[in-house]
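[1] Generate a structure from the sequence data that follows.
(one chain, ligands or ions: 1)
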Amino acid sequence: MSEVKLENIVSLAKRRGFIYQGSEVYGGLSGTWDYGPLGVTLKRNIMNLWWKMFVDTRDDMYGVDAAILMNQKVWQASGHVDTFTDPLVECGNCKGRFRADKLDDPNKCPTCGKTGTFGEAKQFNMMFKTHVGPVQDDAAVSYLRPETAQGIFTNFKNVVDSFYPDLPFGIAQQGKAFRNEISPRDFVFRAREFEQMEIEYFIAPENWEEEFNKWVVACKEWFKALGLPEDKVHELEVPAEDRAHYSKRTIDFEFDYPIGREELMGLAYRTDFDLGNIQRVSGKSMEYTVKGTNTRFVPHVIEPSFGVERALMAVLCSAYREDEQGGERRVYLALPEHLAPVKYCVSPLLKNKPELVAKAREVYESLKAKHGNVMWDDNGNIGKRYRRQDEIGTPHCVVIDFQTLEDGTVTVRDRDTTEQKRVSIGSM
Ligand code: ATP
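    Numbers count the residues shown, from 1 in each chain. Model prediction:
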């Protein structure tokens, strides 16, 4: 497999309708990305797979969908107002602003190249601040949520009251998160608006090690389902001095992206820090009573925190392939079939033969009813159609020819091997 470059992924994503720069027509808005027709489907396939794996097929999981805007007390209690910051430095020469801990050379400005021009680093809060309602005073301050997790913690008591699940159990949420990153970069890897899939798994404190280990296994199953090569995913045991003070163990799962080895997702044991804060600030009990006993305690929590875009980027980078077919360079996405945005492409061999077109439409309609995302393509010659479908990762291209009219069979071409087989229409 040839080395994948980020620029190849970015250009394919734009050319083929996966991901566009946000507000591009007006010169863009840094750190924002828009998903095109294929991108939105790929993203949903990833998110739906996650929901199926971690919520629908388990009996210890509860889904929620909390509001993005939350009472400012949420972010005071969680510590985000005071400490959700990154260190910011400004170049005295060109006025460029950078995240101090991400500079390759802490003394040299990456924009103008001058050395020794940075002043003291300032702590910059990454939450987007806004006001709720027509009065713009301090009491009306709110924030676009910088993580989905707090919408889970604030609903802990609601879910317990409605369902009274046995411990351990988890609450899962997917949705947008916003961070005013100082330097958004590397395509969707570090954006200002992105999507998270988070679980808070509530446990009795004495079981934390056992439950943590189960989540390590579950995360690995997820990477496998995404089709990520095992040797490209790495477990980084975060040392105590780099962990949040309340976390007793954190693993960052990293992936070998074209930009280097970077965080794909995080898994943290957060003790009772979050529910404890809510209890203290709201004055409402977050205790859980073990059924049939008088044992009450604030549950501890294991938090697997998945980023949708970082998963999607890892999927695209893992699937990107270049080879040679018939003396020509070919680009294709070897996406796992369950993630591919288009499952089948249907074409008539010739566009100007009404009987072929009619039969092809019939096959198209029946495959669409069965598989959902099926594409019709009768543009250009067959070779060009195949190339277009290869680039978007369509596993099967179906062609209706004259033999189809006689015996009800079609040719199906495999994306990865480019081999063609004749199969009956009903077998697809
Ligand atoms: P980093 O160190 O890369 O800034 P983080 O440790 O701050 O990330 P978390 O707060 O643990 O990230 O967020 C959980 C997950 O959310 C990350 O593992 C990542 O997948 C995703 N994520 C966080 N920030 C961004 C971002 N700016 N753009 C895209 N995804 C993000």
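
[2] can you give me the strands for the stretch 201-350 of the chain?
    Assigned by DSSP state E, counting those that start in this stretch, the stretch 201-350 of the chain shows strands spanning 233-237, 249-257, 260-269, 288-289, 296-297, 300-307, 320-325, 328-333, 344-348.

[3] what about the second one, near the ligand?
    No: residues of strand 249-257 are not located near the ligand by C-beta under 6 Å from any ligand atom, the shortest gap being 7.1 Å. For every residue, glycine as well, the C-beta is placed using N, CA and C.

[4] list the buried ones in that strand?
    249, 250, 251, 252, 253, 254, 255, 256, 257 (16 or more other C-beta atoms under 10 Å).

[5] Specify which member of the residues you listed is nearest to the ligand.
    Nearest to the ligand out of the buried residues of strand 249-257 is residue 252 (C-beta to the nearest ligand atom; 7.1 Å).

[6] pLDDT below threshold where in the chain?
    Within the chain, the stretches with pLDDT under 70 are 1-2.

[7] which residue ranges form the helices in it?
    For the chain, the helices defined by DSSP state H cover 6-15, 37-51, 72-77, 80-83, 149-153, 156-163, 208-225, 273-282, 308-319, 354-371, 382-392, 402-407.

[8] coming back round to it: among the strands of the stretch 201-350 of the chain, show me which one is buried the most.
    Scoring the strands of the stretch 201-350 of the chain by mean neighbour count under mean count of other C-beta atoms under 10 Å gives strand 344-348 as the most buried, with a mean of 25.

[9] what residues does the stretch 51-200 of the chain put near the ligand?
    Proximity of the stretch 51-200 of the chain to the ligand (C-beta under 6 Å from any ligand atom) is limited to residues 179, 181, 190, 191, 194, 196.

[10] Does the third one touch residue 126 like I think?
    Going back to what we said before, that points to residue 190. No: the criterion here is C-beta atoms under 8 Å, and residue 190 misses it with residue 126 at 11.4 Å.

[11] what touches both of the two?
    Residues touching both residue 190 and residue 126 (C-beta atoms under 8 Å, 6 or more residues apart in numbering) are residue 181.

[12] These two: which is more packed in?
    Between residue 190 and residue 126, residue 190 has the larger neighbour count (other C-beta atoms under 10 Å), namely 21 against 18.

[13] for that one, which residues make a bridge with it?
    Taking DSSP bridges, one obtains residue 185 as the residues bridged to residue 190.

[14] Identify the residues contacting stretch 79-95?
    Residues outside stretch 79-95 that contact it (C-beta under 8 Å, 6+ apart): 72, 75-76, 96-101, 103, 109, 111-112, 114, 117-127, 143, 146, 150, 181-182, 277.

[15] So the closest residue to the ligand within the chain versus residue 244, what's the distance?
    For the chain, the residue closest to the ligand is residue 307, as judged by C-beta to the nearest ligand atom, at 2.0 Å. As judged by C-beta to C-beta, to the nearest Å, residue 307 and residue 244 stand 18 Å apart.

[16] before we move on, what about residue 106?
    Per C-beta to C-beta, residue 106 is found 24 Å from residue 244.

[17] Could you do residue 291 as well?
    Here the criterion is C-beta to C-beta. By it, residue 291 lies 32 Å from residue 244.

[18] who has more neighbours, these two?
    Neighbours per residue, other C-beta under 10 Å: of residue 291 and residue 244, the larger number sits with residue 244, 13 against 10.

[19] who's in contact with that one?
    250, 268, 270, 273 are the contacts of residue 244 under C-beta under 8 Å, 6+ apart.

[20] contacting residues for the second one?
    To tie it back to what came earlier, the one meant is residue 268. Counting by C-beta under 8 Å, 6+ apart, residue 268 makes contact with 243, 244, 247, 249, 250, 251, 302, 303, 305.

[21] What is the neighbour count of the closest residue to residue 285 other than its chain neighbours?
    Distances taken as C-beta to C-beta, 6 or more residues apart in numbering put residue 279 closest to residue 285, at 6.3 Å, once the chain neighbours are dropped. Neighbours of residue 279 under the rule other C-beta under 10 Å: 17.

[22] Hmm, residue 286 and residue 279 touching each other?
    Yes: between residue 279 and residue 286 there is a contact at 4.3 Å, judged by C-beta under 8 Å.

[23] Please enumerate the shared neighbours of these two.
    Counting by C-beta under 8 Å, 6+ apart, the contacts common to residue 279 and residue 286 are residue 298.

[24] Residue 298 versus residue 128, what's the distance?
    Taking C-beta to C-beta as the measure, residue 128 and residue 298 are separated by 30 Å.

[25] so what's the closest residue in space to residue 68 that isn't next to it in sequence up against?
    The shortest distance from residue 68 to any non-neighbouring residue, by C-beta to C-beta, 6+ apart, is to residue 145 (5.3 Å). By C-beta under 8 Å, 6+ apart, the contact set of residue 145 is 68, 69, 70, 151, 176, 177, 178.

[26] Appreciated, that's everything.
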